[in-house]
Structures are given as structure tokens and as C-alpha cells.
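S.K.: sequence plus the predicted model coming up.
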Amino acid sequence: MNFLATARFPLARRRHALQMAPEGSQCRYPMVAKTIPVEAFDLVVFGATGDLARRKILPGLYRRMTAGQMPHTARVIGLGRSRLEPDDYRRLAAASLREFVVTEDVGGERLDEFLECLDYLPVDVAGDAGWQELGEKLRDDAVRVFYFSVAPSLFGSIAARTVETGLASPDCRIVVEKPFGGDLASARVLNGDLAKCFEERQIYRIDHYLGKETVQNLMALRFGNALFEPVWNAQHVDHVQITVAENLGISGRAEYYDQAGAMRDMVQNHIMQLLCLTAMEPPARFEPDAVRDEKLKIIKALEPVSRRDVVRGRYRAGGGVGSYLEECGNAESSSESFVALKASVANWRWSGTPFYLRTGKRMKSTLSEVVIVFKDPPHWIFGEQIDRRGNVLSIRLQPDEGITMRMTIKDPGPGGMRLTEVPLDMTFAEALGESVKSLPDAYERLIMDVVRGNQTLFMRGDEVEAAWEWVDPVIADWTMAGTMPFDYDPGSSGPEEALFLMHRDNRRWRDL
Ligand code: BG6
């Protein structure tokens with residue numbers, strides 16, 4: 001091996017990275033290059049006029065183009081039932097960009113360049129219309145991606161049509177969105193339908209939480225710093241809290257949400273991913289299967305949740321907003337808009353350290369965080385009058401992304417030894433300056449990863465199934481017991497019963 005060459009490479013990279021820092025940047029740390037261009041691609045978007053395409057896919061691509069990452073040779077071919085001309089679609093896309101790209105002005109030459117990459121075809125996904133024309137537009141020498149931005153019930157038939165029509169090349173990729181099934185059985189059917197047409201290496205299942213910068217930071221923090229690993233275990237960690245709270249309700253997607261409830265909508269996927277990244281063993285390499293194997297081991301190590309360890313709730317009316325039942329329009333609904341539960345990872349590292357998970361709508365604030373609560377110091381030298389306090393590491397995913405460590409220090413001044421707490425606080429926006437504001441949103445990152453062929457931040461089929469295998473019995477138990485969710489006030493921290501879940505273990509939730 002040529003050690004000289006490998007040793008010189010990082011230096012060259014660092015110089016390149018430093019050159020990429022924008023002039024006048026307030027960064028305290030050198031930025032790394034973010035815009036390594038990707039290869040030419042043909043991205044075929046089924047459901048191109050739908051909400052996801054308008055809110056996330058098109059704005060994400062536009063931002064990647066203005067960042068210099070999306071090549072001008074890229075093509076985005078929107079497909080839909082509407083009989084639009086390509087120019088109609090470009091107008092619709094421009095309107096969507098103006099509405100949903102909030103980080104920069106949309107217009108001028110950059111917009112024109114982007115719109116030139118767009119095309120549109122009316123296609124009948126179940127029939128024949130449009131497929132041949134689609135085939136004529138696809139290039140053999142470009143990365144080919146089919147994005148199924150449609151209801152999951154169509155995944156199987158669209159996958160089959162792309163194969164029957166000969167458009168699914170051996171290296172093409174497909175992108176699918178959650179909900180990936182509504183239980184284990186339906187997830188298996190979906191996986192089976194896709195597996196008939198594509199190999200696992202071609203399937204990109206999006207959980208947009210994995211595309212969030214701060215979620216990836218969980219891995220950077222754990223595996224890029226030697227400091228944490230020795231204490232990242234049951235011997236030192238008292239418990240972990242994972243919270244994804246939102247102050248919005250369910251309006252606008254009531255029908256979907258009422259079928260799902262918080263357990264299916266958030267716990268089976270986003271919260272599960274956060275749990276995996278927090279609890280997993282260090283993978284041998286930062287490579288797709290190495291990472292996904294470790295996540296899968298965590299899901300498989302989860303103990304079944306007992307009835308007494310889970311609380312679900314739904315918001316009542318209050319503070320000028322309607323109740324969950326009013327918003328979902330189903331007076332008979334038994335779905336939950338809040339879940340809190342105590343999970344146990346039965347493995348060597350975590351045995352005895354509970355993971356408390358909670359998520360809810362219409363909560364006091366919108367906040368996502370992972371909090372590691374360390375045990376108190378094992379021996380206390382300061383006397384009984386001074387309380388022992390453990391360290392608390394909180395990783396804020398949104399908003400105000402950052403990391404805080406609660407430390408105990410001496411309360412300054414005379415009067416003997418008194419202790420107080422201070423946060424060691426790193427808010428990324430302060431530490432990294434303006435650059436943090438222009439970081440790619442989850443979809444931008446994920447779509448570019450599909451083009452690059454990197455599956456690290458996508459869920460593998462067995463991971464999704466294992467997550468359902470854990471979640472299904474909890475939901476089945478609610479159905480069997482015929483219990484209803486507890487009510488909670490909008491703008492609160494959820495039902496009181498969720499507080500007891502912690503209090504009975506002599507612990508408390510962090511304030512929202
Ligand atoms: C979605 C859920 O997957 O994630 C929504 O279906 C939830 O109910 C959303 O509101 C939260 O995502 P974010 O990125 O706003 O935290």
C-alpha cells in the first residue's frame with residue numbers, strides 16, 4: 001500500500017475544505033466541503049403533483065442545484081394522472097418553490113436553469129398510457145431513480161409496471177416513503193412485492209429523520225469522540241429519554257393519522273431510529289450494512305412492552321383549538337395522539353437502563369431531543385446536606401440544534417463548599433455560524449444519497465419488519481383490552497399518567 005499517498009490525502013482534503021468556507025463567514029471551525037457534485041441522473045417522480053413532491057422533493061432538488069450539487073444534466077420527470085403539458089408542470093413547480101423554499105429567493109436564472117431540468121408526462125400507473133414515452137425519455141448513461149411519491153397501496157403495482165415495461169434497469173433505484181405498512185403483515189407484503197422486482201440494494205426506504213443533520217450527529221458524537229464510549233452503557237447511564245413533541249395538531253391529514261395513531265406514525269419509525277442510533281454498538285465501518293446490522297440488533301434486543309409500561313393519550317379541546325376527536329372527524333375513534341413508554345434493550349450494554357420514549361401532538365412545545373441521564377457519582381465526598389447530581393447530556397435535534405451537558409460546579413463565592421449546576425452548552429448555530437443555516441434539509445440529503453447509491457441513511461426491509469414486530473403486540477393489546485387513550489390538555493406535557501410512568505421509577509421527564 002502506498003502510505004504516502006493515503007497520508008497526504010487527508011491534508012489535501014482539509015485544504016480543499018478550508019477553501020470552501022464562504023468569504024466573511026463567522027465560522028469558528030473550518031467548514032467541510034458540502035457540494036461534491038453527483039453524477040447525471042434521471043429522477044422519475046410518480047405522484048409529481050402531490051404534496052410531498054411540491055413541499056419536499058422539488059424544493060430539495062432546487063436547493064441542491066443552487067448549492068452546485070445537482071448537475072445541469074440532471075432530469076426530473078414528473079409523472080401523474082393530470083393531463084399537464086411540461087410547461088404547466090414547470091409553472092406548478094415554480095409556484096411550489098416560491099411557497100416552500102424559505103431559505104433563499106426563488107427566481108432569475110437559477111430558477112430558469114432548474115425548470116429546464118423538469119419534464120412531465122401523464123402516465124396511467126395501472127395501464128399502458130405513457131410508459132413508452134417515459135422509456136423514450138430515459139437515458140442509458142444516467143443514474144435512474146424511480147421515486148414512488150404515491151400511496152403505499154400503489155408501490156407493488158408501480159414496481160411491477162416498471163419491470164414489465166422494461167424501464168427498470170439492473171442498477172436503477174427506487175425510493176419509497178412511510179408509512180411502510182401498517183403492521184408486520186402488511187410490511188411483509190410490501191417488502192415481498194418490491195423484492196419480486198428489485199434487489200434490496202436498489203430499494204431506498206425513507207425515514208426522513210435519518211436525513212436530519214442532528215440525527216446524523218448522534219453518530220458523529222458517539223463514534224467521532226473517544227470521550228463518550230467508556231460511559232455509554234448501563235454501568236454509567238441511569239436512563240435515556242427520547243422525546244419528539246409537536247405543538248401542532250393533526251389537521252390536514254386527519255384520515256391518515258386516525259388510522260395510524262402516534263404509535264404507528266412516530267414510534268415505529270422516527271423514534272425507533274433515534275433509539276437505535278443512541279443504543280447501537282459502534283459499527284466496524286460507516287457503511288450501509290454495517291450500520292444497519294447494528295441498528296437491527298437493537299430492535300431485536302427490545303423486550304416486549306408490558307401493559308403497565310405504556311401510556312397513550314389524546315388531546316381534548318382547549319385554548320381555542322378543537323379536540324383530537326373533532327379534528328379527526330371520527331367520534332368513535334380510539335386512536336392516540338400521544339404515546340409514552342418505557343423500553344428495555346436486553347443486551348450486555350443496556351441491561352437495567354430503561355429508555356423512556358414519548359411523542360405527541362398539541363404538546364407544550366415543538367421539541368425533539370435525546371437525553372442521556374448519567375448515574376450519580378458513586379461516592380459522594382461533599383456531605384449529606386448537598387444533593388448528588390448526575391451529569392445529563394442532551395442532544396437537541398430541533399429546534400436550536402445543539403448539545404448541552406449539565407455539569408456540577410462549585411457555587412462561586414465564600415461560604416464553604418456549595419455546588420450548583422451549569423450547562424456546557426453548544427448550540428450549533430453559534431458554534432458553526434451562518435453556515436448552519438444553509439445546511440441541507442433531510443430530503444435534500446437523502447435524494448442525493450440515492451443518486452450516489454449510498455443506503456446508510458435508509459431503512460432496510462428487515463429493520464422495518466423488526467420494528468413492526470415490536471410495535472404490533474402493543475397495539476394489539478390496546479385493541480384486546482378495549483382501552484381508550486387518556487385525555488390531555490392541548491399545550492401540556494401529555495396525560496398525567498405519562499408523568500407517573502417516570503415518577504414510579506423515581507425519575508421525571510425533562511420539561512418541554
Ligand atoms: C412525519 C409524521 O413522518 O413526521 C408527522 O407523519 C410528523 O405526523 C412529522 O409531524 C414530524 O417531522 P418533523 O421533521 O417535522 O419533525
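M.R.: Looks like it came in fine.

S.K.: report the central residue of this protein.
M.R.: The C-alpha lying nearest the average C-alpha coordinate of the chain belongs to Tyr209 (Cα atoms, centre = their mean; 0.5 Å).

S.K.: need the three-state assignment for that residue.
M.R.: Assigned with DSSP: H, G, I helix; E, B strand; the rest coil, Tyr209 falls in the helix class.

S.K.: from Pro282, how far out is it?
M.R.: Counting by Cβ to Cβ, to the nearest Å, the separation of Tyr209 from Pro282 is 20 Å. Glycine gets a C-beta too; all of them are placed from N, C-alpha and C.

S.K.: could you do Arg222 as well?
M.R.: Taken as Cβ to Cβ, the span from Arg222 to Pro282 is 7 Å.

S.K.: and those two? which has more neighbours close in?
M.R.: Counted by other Cβ atoms under 10 Å, Arg222 and Pro282 do not tie: Arg222 has more neighbours, with 17 against 14.

S.K.: per-residue confidence for the more buried one?
M.R.: At Arg222, the predicted lDDT confidence score is 94.

S.K.: now swap in the one 10 residues further on and tell me
M.R.: The confidence metric pLDDT takes the value 97 at Trp232.

S.K.: same check, this time on Ala467
M.R.: Listed pLDDT for Ala467 reads 98.

S.K.: who's in contact with the host helix or strand of it?
M.R.: Remark: Ala467 resides in helix 461-481, with elements defined by DSSP states H and E. The contact list for helix 461-481, computed with Cβ atoms under 8 Å, 6 or more residues apart in numbering, reads 180-181, 183-184, 187-188, 191, 194-195, 200, 203, 205, 261, 263-264, 267-269, 272, 292, 295-296, 299-300, 302, 304-305, 307, 310, 312, 334, 341.

S.K.: which residues in the stretch 251-400 of the chain form helices?
M.R.: Using DSSP state H, counting those that start in this stretch, the helices of the stretch 251-400 of the chain run over residues 254-262, 272-279, 288-301, 324-328.

S.K.: list the buried residues for the third one?
M.R.: The reference is to helix 288-301. Going by neighbour count (16 or more other Cβ atoms under 10 Å), the buried part of helix 288-301 is 288, 291-299, 301.

S.K.: and it, C-alpha only, in PDB?
M.R.: The C-alpha coordinates for helix 288-301 follow below in PDB (Å, rounded to 0.1, in the frame of the first residue of the first chain):
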ATOM      1  CA  PRO A 288     -24.700   0.900   4.900                       C
ATOM      2  CA  ASP A 289     -24.900  -2.700   6.000                       C
ATOM      3  CA  ALA A 290     -22.500  -2.300   8.900                       C
ATOM      4  CA  VAL A 291     -24.700   0.500  10.300                       C
ATOM      5  CA  ARG A 292     -28.000  -1.200   9.600                       C
ATOM      6  CA  ASP A 293     -26.900  -4.500  11.000                       C
ATOM      7  CA  GLU A 294     -26.100  -2.800  14.300                       C
ATOM      8  CA  LYS A 295     -29.500  -1.000  14.300                       C
ATOM      9  CA  LEU A 296     -31.300  -4.200  13.600                       C
ATOM     10  CA  LYS A 297     -29.600  -5.900  16.600                       C
ATOM     11  CA  ILE A 298     -31.000  -3.200  18.900                       C
ATOM     12  CA  ILE A 299     -34.600  -3.600  17.600                       C
ATOM     13  CA  LYS A 300     -34.300  -7.300  18.000                       C
ATOM     14  CA  ALA A 301     -33.000  -6.900  21.600                       C
END
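
S.K.: for that helix, name the packing helices and strands.
M.R.: On a contact count with 3 or more Cβ pairs under 8 Å, 6 or more residues apart in numbering; DSSP states H and E, helix 288-301 meets helix 272-279, helix 461-481.

S.K.: what angle do it and helix 272-279 make?
M.R.: 100 degrees (axes from the mean of the first three to the mean of the last three Cα atoms, to 10 degrees).

S.K.: from the middle of its chain, how far away would helix 288-301 be?
M.R.: Centre-to-centre, helix 288-301 and its host chain are 16 Å apart (Cα atoms, centre = their mean, to the nearest Å).

S.K.: tell me the mean pLDDT for that helix?
M.R.: Per-residue pLDDT values over helix 288-301 give a mean of 98.

S.K.: format the helices of the stretch 251-400 of the chain as CSV; extra columns: distance to Gly50.
M.R.: Shown next, in CSV, are the helices of the stretch 251-400 of the chain (distance: least, Cβ to Cβ, whole Å):
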stretch, distance to Gly50
helix 254-262, 13
helix 272-279, 24
helix 288-301, 28
helix 324-328, 21
